[in-house]
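[1] Fold the stuff below for me.
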Amino acid sequence: MNHVMVAMPLIVALVALALAFDFINGLHDAANSIATVVSTKLLSPVQAVLFAAFFNFAAYWFFGLKVAETVGKGIINKELVTPHVIFGALVGAMAWNVFTWLRGIPSSSSHALVGGLVGSGVAHAGVGAIVWGGIAKTTSFIVLAPLLGMMMAMILMAITSWVFVKATANSAESIFKKLHILSSAAYSLGHGSNDAQKTMGIIAVLLYSQNLLGGTFHVPEWVVICCYVAMGLGTLSGGWKIIETMGSRITKLSHHQGFCASLGGSLLLFGASAFGIPVSTTHTITGSIMGVGAARRTSAVRWGVAQRLVMAWIVTIPAAAMVGAAFYWVAIGIDKIFG
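    I've put the predicted structure just below:
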């Protein structure tokens, strides 16, 4: 192993930095699971973030840790990880998250973290550090997640429209209000099952690099709990600019559409988490929202807004990678000066 042993206070500081990223992830991605219920006025913004935070944390009792394992050892070679690599990865991801959050752009925290990890890892050990299978699986879902989300949402719109074809407008609205709440809860569970686990993988591989896991890569229980708590607290802080983009600027939603978008997205997240694929919850729900809008009529979707979002998605990994590499070298420089 390429272990570079460092002082325990530095390890603690890096774990705290990883949890700060998880907090920002929750803050940045709160819109994923609550934009539909806020925009349809089913819940107030405060009620919605409390609701999402609860179900983000509840994912702890429902899902395994396959996504955490993919991020921890399936993006770059775990034997080449050092604290400097982790520092660069986290700062690269956080810098991109803060930039897109300030601009109200619902980019992917997941892909920002992957980009930061790749950039920092390559700066440390060259392209040989990359686990290409894991990168291919992750990057393919930049395209697949929104497309599958869109398709599933459109199919659900067609099925539910057929099922409720004879229902009155008022009775259908009443039913879809209740179903919308359930589907939003499911999406928050899916968000917790996938996004929080990425930080778990980062912390676990950091501990592994310092021989603190007994020589076998695994995710300790305390890491799991801390990451879920951090993400839940971040979600409680809200992400109002992104909620506005997701909930109203892409297309105007009804409870029927909100239900289909949230359910379609949650089904995709459950499947991805089961197979250990670190997908973007942002891409998934955006595709689902576009799908329900297009199911009504193509012109209902503001495709100009959607196009700008897609461009942000494409540049996320390379942008975070460049920042991650830069901060890797910053960490190396600081270490040489003060080490």
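[2] dump the residue contacts of Thr160.
    176, 256, 259-260 (C-beta atoms under 8 Å, 6 or more residues apart in numbering). For glycine as for every other residue, the C-beta is placed from the backbone atoms N, C-alpha and C.
[3] Let's see that with 6 Å instead.
    Going by C-beta atoms under 6 Å, 6 or more residues apart in numbering, Thr160 touches no other residue.
[4] Surely it is within a helix?
    Yes. When DSSP: H, G, I helix; E, B strand; the rest coil is applied, Thr160 is found to be in a helix.
[5] Ser120 is in contact with Ala89, correct?
    Yes. At 4.5 Å, Ala89 and Ser120 qualify as touching, with contact defined as C-beta atoms under 6 Å.
[6] Gly264 reaches Ile155, doesn't it?
    No. Applying C-beta under 6 Å, one finds Gly264 not in contact with Ile155, separated by 7.6 Å.
[7] Counting neighbours around each, name which of these two comes out higher.
    For Gly264 versus Ile155, neighbours defined as other C-beta atoms under 10 Å are more numerous around Gly264 (29 against 14).
[8] so the more buried one is in which element?
    helix 255-274 (DSSP states H and E).
[9] same check, this time on Leu14
    helix 8-39.
[10] Run the chain-centre distance for that helix.
    9 Å (C-alpha atoms, centre = their mean, to the nearest Å).
[11] now swap in stretch 165-182 and tell me
    30 Å.
[12] what about this structure, any weak spots by pLDDT?
    1-7, 28-33, 104-107, 238-252, 297-309, 339 (pLDDT under 70).
[13] Where is the longest helix in it?
    Longest helix in the chain by number of residues (criterion: DSSP state H): helix 169-209.
[14] Identify the residues contacting the helix or strand just after it?
    Counting by DSSP H and E, the next helix or strand C-terminal to helix 169-209 is helix 221-237. Contact with helix 221-237 is made by 19, 22-23, 25-27, 30, 49, 52-53, 56-57, 60, 196, 199-200, 203, as judged by C-beta under 6 Å, 6+ apart.
[15] Check stretch 111-131 too.
    Taking C-beta under 6 Å, 6+ apart as the rule, stretch 111-131 contacts 74-77, 80, 85, 88-89, 92-93, 96-97, 138, 198, 280, 316-317, 320-322, 324-325, 328.
[16] List every C-alpha atom in that stretch, with coordinates, as CSV.
    Extracted in CSV, the C-alpha atoms of stretch 111-131 (Å, rounded to 0.1, in the frame of the first residue of the first chain):
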residue,chain,number,x,y,z
HIS,A,111,-20.3,14.3,-9.9
ALA,A,112,-18.5,17.2,-8.3
LEU,A,113,-17.1,14.8,-5.7
VAL,A,114,-16.2,12.2,-8.4
GLY,A,115,-14.5,15.0,-10.4
GLY,A,116,-12.6,16.3,-7.4
LEU,A,117,-11.4,12.8,-6.6
VAL,A,118,-10.3,12.1,-10.1
GLY,A,119,-8.5,15.4,-10.5
SER,A,120,-6.7,15.1,-7.1
GLY,A,121,-5.9,11.4,-7.7
VAL,A,122,-4.4,12.0,-11.2
ALA,A,123,-2.4,14.9,-9.8
HIS,A,124,-1.0,12.5,-7.2
ALA,A,125,-0.3,9.4,-9.3
GLY,A,126,-1.2,10.0,-12.9
VAL,A,127,-4.0,8.5,-15.0
GLY,A,128,-3.0,5.1,-13.7
ALA,A,129,-4.8,5.9,-10.5
ILE,A,130,-8.2,5.9,-12.2
VAL,A,131,-10.4,2.9,-11.9
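[17] Can you name the residues that contact Ala185?
    Contacts of Ala185 (C-beta under 6 Å, 6+ apart): Phe55.
[18] so how far is Ala58 from it?
    Going from Ala185 to Ala58 by C-beta to C-beta, to the nearest Å gives 9 Å.
[19] so how many other residues sit close to Val46?
    11.
[20] Now do it against Lys178, distance only.
    Taking C-beta to C-beta, one finds Val46 at 21 Å from Lys178.
[21] Likewise for Lys73?
    In this structure, Lys73 and Lys178 are 42 Å apart, going by C-beta to C-beta.
[22] For those two, indicate the residue with more neighbours.
    Using other C-beta under 10 Å as the criterion, Lys73 and Lys178 rank with Lys73 on top: 19 against 12.
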